[in-house]
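S.K.: Here is my input, please return the structure:
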Amino acid sequence: MPELPEVETTRRGIEPHLVGTTLREIIIRRRDLREPIPESISQAEGRRALAIRRRSKYLIVDLDDGSSLLIHLGMSGSLRVIPPSEPWKTHDHVGLTLSSGLQVRFHDPRRFGIFLHLPSGDPLSHPLLGNLGPEPLEDGFTVDILAKACARRSIPIKLAIMDAKTVVGVGNIYASEALFRSKIRPDTPASTVSKLRLKRLTQAIRDVLSDSIAEGGTTLRDFLKSDGEPGYFRQKLFVYDRKDELCRLCGTPVRHAVMGQRSTYWCPKCQK
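M.R.: Residues are numbered from 1 along each chain as shown. Predicted coordinates for the structure are as follows:
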């Protein structure tokens with residue numbers, strides 16, 4: 001599933017091609033995504049894209065009439081900037097043909113993605129976005145915020161930081177990696193993690209996400225950057241998807257367990 005770094009990488013890749021151009025034509029090949037693509041999306045034709053921003057794992061395209069497009073890549077989605085003449089793939093569902101002559105194409109084999117048109121209002125108040133926690137790379141995410149979210153919660157710390165009401169965008173890969181960097185076992189009850197350790201974890205979350213963005217994201221199965229090239233952060237993972245491989249720091253075999261129905265990885269020596 002594309003996580004925050006993959007979505008941010010996509011945003012940065014598309015931004016110079018999209019912003020300032022007009023959506024000359026919107027081609028819909030399938031509407032039955034996780035939420036049906038609304039008929040009102042045709043109103044976006046002829047509108048100019050003012051900005052493309054990210055909130056959590058959602059992309060927001062602001063248009064010059066006050067409307068916006070709200071996009072989520074789901075489990076297998078991607079956005080590519082290509083010539084309109086490129087043949088459509090089986091799971092290409094939406095095409096935004098731009099006044100520049102290029103096309104932004106939405107590809108989603110599992111159709112768990114979202115491609116909505118919001119005719120008016122602040123998109124950040126949309127039900128999908130309104131109750132989300134702070135952005136991990138912004139000043140609003142602090143150790144005090146994390147400590148408050150973990151207080152009196154007996155769930156494992158890994159599940160606590162994957163909760164989008166605690167902090168957005170810390171998916172399964174980056175939760176495992178941030179906990180490794182901060183030397184915390186993923187099954188530690190959230191309420192028992194000291195503030196000093198939470199401070200380390202806050203910084204580790206920032207660092208692992210920033211490092212992944214710098215590498216273009218983590219390619220596991222379906223994620224491709226907007227230019228079609230894979231992200232390279234997987235080559236730098238310390239524990240995720242490395243069951244029984246030797247820890248890169250101490251040489252102990254990496255452990256694996258299922259936690260909250262998600263694969264979890266840690267080093268039993270480095271993480272306490």
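S.K.: Only the buried residues of the longest helix along the chain, if you could.
M.R.: Longest helix of the chain, by residue count under DSSP state H: helix 195-214. The neighbour-count criterion (16 or more other Cβ atoms under 10 Å) identifies R197, L198, K199, R200, L201, T202, A204, I205, V208, L209, S212, I213 as the buried residues of helix 195-214. In this view, the C-beta of every residue, glycine as well, is placed from N, C-alpha and C.
S.K.: Tell me the buried residues in the helix or strand following it?
M.R.: Next in sequence after helix 195-214, counting helices and strands by DSSP states H and E, comes strand 255-259. By 16+ other Cβ under 10 Å, the buried positions in strand 255-259 come out as R255, H256, M259.
S.K.: Just give me the closest of those to R34.
M.R.: M259 (24.9 Å; Cβ to Cβ).
S.K.: Local confidence estimate at E6?
M.R.: pLDDT, the model's per-residue confidence, is 86 for E6.
S.K.: tell me, how many neighbours does it end up with?
M.R.: By other Cβ atoms under 10 Å, 29 other residues sit near E6.
S.K.: Tell me how far it lies from K148.
M.R.: The spacing between E6 and K148, counted by Cβ to Cβ, to the nearest Å, is 29 Å.
S.K.: distance of the closest residue to G169 other than its chain neighbours from F141?
M.R.: In this structure, G169 finds its nearest non-sequential neighbour in L4, 3.0 Å apart by Cβ to Cβ, 6 or more residues apart in numbering. Using Cβ to Cβ, one gets 12 Å for the distance from L4 to F141.
S.K.: With T10 instead?
M.R.: The value you get for T10 to F141, if Cβ to Cβ is used, is 21 Å.
S.K.: out of the two, which sits in the busier spot?
M.R.: The neighbour comparison of T10 against F141 (other Cβ under 10 Å) goes to T10, with 28 against 21.
S.K.: May I see the buried residues of the helix or strand harbouring the more buried one?
M.R.: T10 belongs to helix 4-18 when assigned by DSSP H and E. Neighbour-count burial for helix 4-18 flags L4, P5, E6, V7, E8, T9, T10, R11, G13, I14, H17, L18 (criterion: 16+ other Cβ under 10 Å).
S.K.: mind showing which ranges of this protein have poor pLDDT?
M.R.: By pLDDT under 70, the low-scoring segments of the chain are 1, 217-235.
S.K.: Domains of it: list them as residue ranges, please.
M.R.: For the chain, automatic domain parsing gives the domain ranges 4-125, 143-266.
S.K.: any idea how far H72 is from S212?
M.R.: Note on S212: its distance to H72, by Cβ to Cβ, is 19 Å.
S.K.: nope, K272 is what I was after
M.R.: With Cβ to Cβ as the criterion, K272 and H72 are 36 Å apart.
S.K.: So what does the residue nearest to G113 when sequence neighbours are not counted look like in phi/psi?
M.R.: Leaving aside its chain neighbours, G113 sits nearest to G74 (3.4 Å; criterion: Cβ to Cβ, 6+ apart). Dihedral angles of G74 (phi, psi; degrees, to the nearest 10) stand at phi 60, psi -140.
S.K.: Show the contacting residues for G74.
M.R.: M1, P2, L33, R34, D108, R110, R111, F112, G113, I114 (Cβ atoms under 8 Å, 6 or more residues apart in numbering).
S.K.: Out of the residues you listed, which is nearest to G171?
M.R.: M1 (6.5 Å).
S.K.: before we move on, the earlier item: helix or strand next in line after the helix holding T10, which one?
M.R.: Criterion used, DSSP H and E; the element after helix 4-18 is strand 23-28.
S.K.: List the buried residues of that next one.
M.R.: For strand 23-28, by 16+ other Cβ under 10 Å, it's L23, I26.
S.K.: Alright, that wraps it up for me.
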